[in-house]
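Chemist: what's the 3D shape of this:
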Amino acid sequence: MVIILKIKIVEPVIDDKDIDMVVKVLKSKWLVHGPVVEEFERRFAEYIGTRYALAVMNGTIALDLILRTIGVGPGDEVIVPDFTFIATANVVLAQGAKPVFADIELETYNIDPDDVVEKITPRTKAIIAVHLFGHPADLNTLREIADEYKVYLIEDAAQAHGAEINGVKVGSIGDAAAFSFYATKNMTTGEGGMITTNIEWIAEKIRMLRNHGQEGKYYHVTFGGNYRMTALQAALGLSQLEKLDELNAKRRRNAEYLTSRLSTIKTIRVPKEKTGYKHVWHQYVIWVKDEHPLGRDILARKLEERGIGVAIHYPKPIHMQPLYKALGYPQNICPNSIEAAKHVLSIPVHPLLTKEQLDYIVDTIRELST
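Modeler: Below is the predicted model:
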């Protein structure tokens, strides 16, 4: 079989309706925050099942504004997973607070509630739970822990639009949640983010912080900045939201097919979906075992050579990044995180994949893994 074009690891789904929505806003000449953004916020809140949704520039700003709103500052600690994108920890540093790294569960790659309990101190202000790769973290247990220790529970849902636990969407269980609409996400606005919450005072303060601290026009009651979303982004977001469930369903079908065909290969381990959880497969991540004939890194290179886009999410735990090593963090903590970084490999699962491409991916991995 000849694959003429490379199979991308991710690819945004942009159709004529998306384009028409953006063109409509361009023609209206109302390009900034206004009615279109407010409509996007309303519909997103309805979709997630929260009272409030607040659109911002990107997912990192969303997390940053949540931490600023709940008062995280110097002397505080925030527990974060060690195995995720570095932004989750860096927003804690941005407040002058200390990220405290918790290990992960190897079944889902999400933060381990048992290790969270071990890391809580009197200085702990919040826990950030990342729904990594689209599989929800154990929010019910984390909610109990947060309530017991009287700390905030924040969801980093940047990779989990539409994911659920027992029919309840992520983004509605924590005190607040941050979503990203970056181009690689399950739905996109190019850049952009959203904060969801059911707590009125959090929503009201974020509204001010994202708009120069204004309570009313030219009436500034707190320090803020310009973190608003544009109408162009919101228009694309409205169109993308309409097809999110359909796109997620395609991801789930692709993941099911990959699992059915890859699970018989003894030198790799396929990802799992826990009972009662709805995985939205932002990434499909295999575990390349130590006994694999090539090993993870050579397998990745060989797949790329054969036209299959792959990625390693993530090649180094956050506590081992040069930034955190320089800050004096002890090395070789969080052993599960360290092991995951050595073995994980993301392969294509996005909605634009054809049956022929899926078969080519599976057949190539099988050939290189036996």
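
Chemist: what separates the residue nearest to Ile111 when sequence neighbours are not counted from Ile347, distance-wise?
Modeler: Leaving out its chain neighbours, the residue that sits closest to Ile111 by C-beta to C-beta, 6 or more residues apart in numbering is Pro81, at 4.0 Å. C-betas here are computed from N, CA, C, even on glycine. Distance of Pro81 to Ile347, computed by C-beta to C-beta, to the nearest Å: 22 Å.

Chemist: Pick out whichever of these two has more residues nearby.
Modeler: Using other C-beta atoms under 10 Å, the more surrounded residue of Pro81 and Ile347 is Pro81, with 29 against 24.

Chemist: Which positions in the helix or strand of the chain with the lowest mean pLDDT come out as buried?
Modeler: Lowest mean confidence among the helices and strands of the chain (mean pLDDT, DSSP states H and E): strand 214-216, at a mean of 92. Buried residues in strand 214-216, defined by neighbour count with 16 or more other C-beta atoms under 10 Å: Gln214.

Chemist: ok, which stretches of the stretch 1-150 of the chain are strands?
Modeler: Remark: strands assigned in the stretch 1-150 of the chain by DSSP state E, counting those that start in this stretch are 52-56, 77-81, 98-102, 124-130.

Chemist: scratch that, the stretch 151-300 of the chain is what I was asking about
Modeler: Using DSSP E, counting those that start in this stretch, strands in the stretch 151-300 of the chain cover 152-156, 164-165, 168-169, 176-180, 193-197, 214-216, 219-220, 268-269, 277-278, 284-288.

Chemist: Out of these, which gets nearest to Val72?
Modeler: Minimum separation from Val72 across these (C-beta to C-beta) falls at strand 152-156, 8.5 Å.

Chemist: where are the low-confidence patches of this protein?
Modeler: 1-5 (pLDDT under 70).

Chemist: check contacts around the nearest residue to Tyr152 once chain neighbours are set aside.
Modeler: Of all residues not flanking Tyr152 in the chain, Ala126 sits nearest, at 3.9 Å (C-beta to C-beta, 6+ apart). For Ala126, the contact set (C-beta atoms under 8 Å, 6 or more residues apart in numbering) comprises Leu67, Ile70, Val72, Val78, Ile79, Val151, Tyr152, Leu153, Ile154.

Chemist: Torsion angles phi and psi at the second one?
Modeler: Note on Ile70: its backbone torsions stand at phi -80, psi 0 [degrees, to the nearest 10].

Chemist: Start the count at 58 instead of 1 going forward.
Modeler: Got it, first residue is 58 now, which makes that one Ile127.

Chemist: Verify the stated contact: it with Tyr209.
Modeler: Yes: with contact defined as C-beta atoms under 8 Å, Ile127 counts as touching Tyr209 (5.2 Å).

Chemist: Give me the common contacts of the two.
Modeler: With contacts defined as C-beta under 8 Å, 6+ apart, the residues shared by Ile127 and Tyr209 are Lys182, Ala183, Asp232, Ala233.

Chemist: Please name the nearest non-neighbouring residue to the first one.
Modeler: Closest residue to Lys182 in three dimensions, ignoring its sequence neighbours and counting by C-beta to C-beta, 6+ apart: Asp133, at 4.1 Å.

Chemist: who are the neighbours in contact with that neighbour?
Modeler: Gln152, Ala154, Lys155, Arg180, Thr181, Lys182.

Chemist: ok so, going back, closest to Gln216 out of the strands of the stretch 58-207 of the chain?
Modeler: That would be strand 181-187 among the strands of the stretch 58-207 of the chain, by C-beta to C-beta, at 7.6 Å.

Chemist: What subset of the contacts of Asp133 is buried?
Modeler: Gln152, Ala154, Lys155, Thr181, Lys182.

Chemist: Name whatever forms a beta bridge with the third one.
Modeler: So the one you mean is Lys155. Glu134 (DSSP bridges).

Chemist: so it makes contact with Glu134?
Modeler: Yes: contact criterion C-beta under 8 Å: Lys155 and Glu134 qualify, at 4.8 Å.

Chemist: Overlap in contacts, the two.
Modeler: Arg180.

Chemist: Distance check, Thr198 against Ser296.
Modeler: 36 Å.

Chemist: cool, Ile123 as well?
Modeler: Counting by C-beta to C-beta, the gap from Ile123 to Ser296 is 26 Å.

Chemist: quick one: which of these two has more around it?
Modeler: Neighbour count, other C-beta under 10 Å: between Ile123 and Ser296, Ile123 has more, with 29 against 21.

Chemist: Look up the closest residue to the more buried one, ignoring the ones flanking it.
Modeler: Ala233 is the one closest to Ile123 (C-beta to C-beta, 6+ apart), at 4.7 Å.

Chemist: Let me see the contact set for that neighbour.
Modeler: Taking C-beta under 8 Å, 6+ apart as the test, what Ala233 contacts is Ile123, Thr126, Ile127, Tyr209, Ile211, Glu212, Ile252, Thr253, Thr254, Ile256, Ile259.

Chemist: so how far is Tyr381 from the third one?
Modeler: In this structure, Ile127 and Tyr381 are separated by 23 Å, where distance is defined by C-beta to C-beta.

Chemist: now do Lys84
Modeler: 48 Å.

Chemist: Of the two, which one has the most company?
Modeler: Each of Lys84 and Tyr381 has its neighbours counted (other C-beta under 10 Å); Tyr381 has more, 21 against 8.

Chemist: Against Leu298, how distant is the spatially closest residue to Leu88 that is not a sequence neighbour?
Modeler: Of all residues not flanking Leu88 in the chain, Ala288 sits nearest, at 5.3 Å (C-beta to C-beta, 6+ apart). Going from Ala288 to Leu298 by C-beta to C-beta gives 15 Å.

Chemist: Give me the more crowded residue out of those two.
Modeler: A direct count of neighbours by other C-beta under 10 Å for Ala288 and Leu298 places Ala288 higher, at 25 against 19.

Chemist: Fine, thanks again, bye for now.
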